[in-house]
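> could you look at this predicted model? Sequence included:
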Amino acid sequence: MQVIEDSESKVYGADDIKKDLSELINKYSRGKVFLLMDTGSHQHCYPKIKEIPEIDTNNIMIIEQGDHHKNIETIAKVWHFLSTNGADRKSLLINLAGGMPCDLGGFAAATFKRGIDFINIPTTLLSQVDASVGGKTGINFHSFKNEIGVFKHAVSVLVCNDFIKTQDQQNIFSGFAEMIKHALIFSEDTWNQLKVFDIRNTNIDALKPLVINSIHIKEHFVKADPTEQNVRKSLNFGHTIGHAFESFAMQNNTPILHGFAVAYGMIVELYLGHKNCGFPLSKLQEINRILSAIYGHFTFSQKDFESLFYLMTHDKKNEKNKINFTLLEDIGQIKINQTCTKEEIFEALEFYLNQ
Ligand SMILES: NC(=O)c1ccc[n+]([C@@H]2O[C@H](COP(=O)([O-])OP(=O)(O)OC[C@H]3O[C@@H](n4cnc5c(N)ncnc54)[C@H](O)[C@@H]3O)[C@@H](O)[C@H]2O)c1
Ligand SMILES: O=C(O)C(=O)C[C@@H](O)[C@H](O)[C@H](O)COP(=O)(O)O
Ligand SMILES: [Zn+2]
């Protein structure tokens, strides 16, 4: 395996997933080893690491798939499983899954007996480029996204390109949205590379260098500001509106994938960037066209503006009752801590509706 990043978590690219995982377990385990998956990663990914001698099959836990299971009931089951299966402070939890179980499993590990080590093996594009690295762990609460959680880094992250070959197209698109976010906050060059990538006929092998570059961009911001006091807020571009859309859709029993919500959110926030920071209109139009072609259009109406605004009041960047945005004045030119009035937010939602 090769080192991709050597930061709070050591991030490796796998050559031989079974052998590399054995090596990592031997390196990091100081006691019992537990494995957490959801039903999807169990079906598609577990066969690739099955019968690894370091993992006792009695210590394997499988949770239901889907973001509506990223909640207090599921994490209570994980704590219970660890507790009744003799986990102690030296135990190691391995999350073999996408972002949902990595967030939830990371939070379970961070809180069980005040903290045990965990390794993330991200099996979705989204979790490889974003959720498995950076130390944000948590669960949703009362439909607010990641309302409860802590910063706690995985001791290690093992990225294996092969896993994402079994993902459906929608989930590939979802992960690609976070890659687009990384490109837009980082540089014109990265965006120019991504915007011509044919994500509809995905060649997973061709995607690999872009995935690695995306991890580097994420880590660039995490290293500079691990607990999101300042510049890490860049990684939250698109999320003030995006999380409101995601929660709104969940409340209405019409859930959307996280990356889709972020894609819609980025369009609205680019408009706010255009109005408040001078983000060029031509670039807004181009990005809007590209994103809308991949992600379609989020359905809501004017009568939902108040509900969406209320959801935004729970954004974690907010201070002093003001909704806090990360906006762009150009591609790669970030402006953090941009507060917008309710009227400005409603105007941006109106802009989106009129597309
Ligand atoms: N902590 C962070 O920094 C961070 C960053 C971005 C997103 N997130 C969170 O991550 C979550 C979204 O992550 P996600 O998109 O990976 O969703 P996910 O974990 O729900 O996975 C999506 C679907 O893919 C299935 N799956 C997993 N691996 C598979 C594979 N190899 N082949 C086929 N199917 C597979 C899962 O069972 C699930 O049904 C959200 O909860 C979001 O809030 C966290
Ligand atoms: O790593 C970060 O920082 C991010 O904001 C990455 C986001 O893509 C991710 O969705 C994160 O979970 C959002 O965090 P939140 O603090 O807005 O819940
Ligand atoms: Zn995100």
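Received the coordinates, thanks. Ligands and ions are numbered 1, 2, ... in the order given.
> does Ile4 belong to a helix, a strand or coil?
strand (DSSP: H, G, I helix; E, B strand; the rest coil).
> measure it to ligand 2 for me?
The spacing between Ile4 and ligand 2, counted by CB to the nearest ligand atom, to the nearest Å, is 16 Å. (Glycine included, C-beta is placed from N, CA and C.)
> what do you get for Lys165?
Lys165 is 23 Å from ligand 2, by CB to the nearest ligand atom.
> give the burial count for the nearest residue to that residue once chain neighbours are set aside, as a bare number.
Closest residue to Lys165 apart from its sequence neighbours, by CB to CB, 6 or more residues apart in numbering: Ile204 at 5.2 Å. Ile204: 16 surrounding residues under other CB atoms under 10 Å.
> what's the answer for the one 5 residues further on, then?
When neighbours are counted by other CB under 10 Å, Pro209 registers 10.
> what's the answer for Glu73, then?
Glu73 has 9 neighbours, counted by other CB under 10 Å.
> swap in Gly175?
Gly175 is flanked by 29 other residues according to other CB under 10 Å.
> ditto for the one 5 residues further on
Other residues near Ile180 number 27, with proximity taken as other CB under 10 Å.
> what residues are up against the residue nearest to Lys165?
Asn161, Ile164, Lys165 (CB atoms under 8 Å, 6 or more residues apart in numbering).
> what's the PyMOL syntax to select whichever of those residues are buried?
A single PyMOL command selects the buried members of the contacts of Ile204 (16 or more other CB atoms under 10 Å):
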select buried, resi 161+164
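> pipe the contacts of Ile204 into a markdown table and attach secondary structure and pLDDT per row.
Shown next, in a markdown table, are the contacts of Ile204 (DSSP: H, G, I helix; E, B strand; the rest coil; pLDDT from 0 to 100):
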| residue | secondary structure | pLDDT |
| --- | --- | --- |
| Asn161 | helix | 95 |
| Ile164 | helix | 97 |
| Lys165 | helix | 96 |
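> any chance you could read off phi and psi for the residue positioned nearest the centre of the chain?
With distances taken as CA atoms, centre = their mean, Ala131 lies nearest the centre of the chain, 3.7 Å away. In terms of degrees, to the nearest 10, the main-chain angles of Ala131 are phi -70, psi -30.
> begin at 44 from now on, thanks
All right, first residue 44 from here; so that's Ala174.
> residues contacting Leu371?
By CB under 8 Å, 6+ apart, Leu371 lies in contact with Leu227, Ile228, Phe280, Glu312, Leu313, Gly316, Cys320, Phe322, Ile377, Lys378.
> now, which of the residues you listed lie within strands?
When DSSP state E is applied, those are split such that Ile377, Lys378 fall in strands.
> would you turn the contacts of Leu371 into CSV with pLDDT and distance to Asn102?
Putting these into CSV (pLDDT from 0 to 100; distance: CB to CB, whole Å) gives the following:
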residue, pLDDT, distance to Asn102
Leu227, 98, 41
Ile228, 98, 39
Phe280, 98, 39
Glu312, 98, 43
Leu313, 98, 46
Gly316, 98, 48
Cys320, 98, 51
Phe322, 98, 50
Ile377, 98, 43
Lys378, 98, 47
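> which member of the contacts of Leu371 is positioned nearest ligand 1?
Among the contacts of Leu371, Phe280 lies closest to ligand 1 (CB to the nearest ligand atom), at 12.2 Å.
> quickly list what the closest residue in space to Ser72 that isn't next to it in sequence is bridged to.
Spatial nearest neighbour of Ser72, excluding adjacent residues (CB to CB, 6+ apart): Leu135 at 4.6 Å. Counting by DSSP bridges, Leu135 forms beta bridges with Val76, Asp160.
> does Leu135 touch Ile162 like I think?
Yes - judged on CB atoms under 8 Å, Leu135 makes contact with Ile162 at a distance of 6.8 Å.
> which neighbours do these two have in common?
In contact with both Leu135 and Ile162: Ile68, Tyr71, Val198, using CB under 8 Å, 6+ apart.
> including distance to ligand 2 and neighbour count, could the residues you listed go into TSV?
Below are those laid out as TSV (distance: CB to the nearest ligand atom, whole Å; neighbours: other CB atoms under 10 Å):
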residue	distance to ligand 2	neighbour count
Ile68	26	18
Tyr71	23	17
Val198	18	18
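> nearest to Cys383 among these?
Val198 (38.9 Å; CB to CB).
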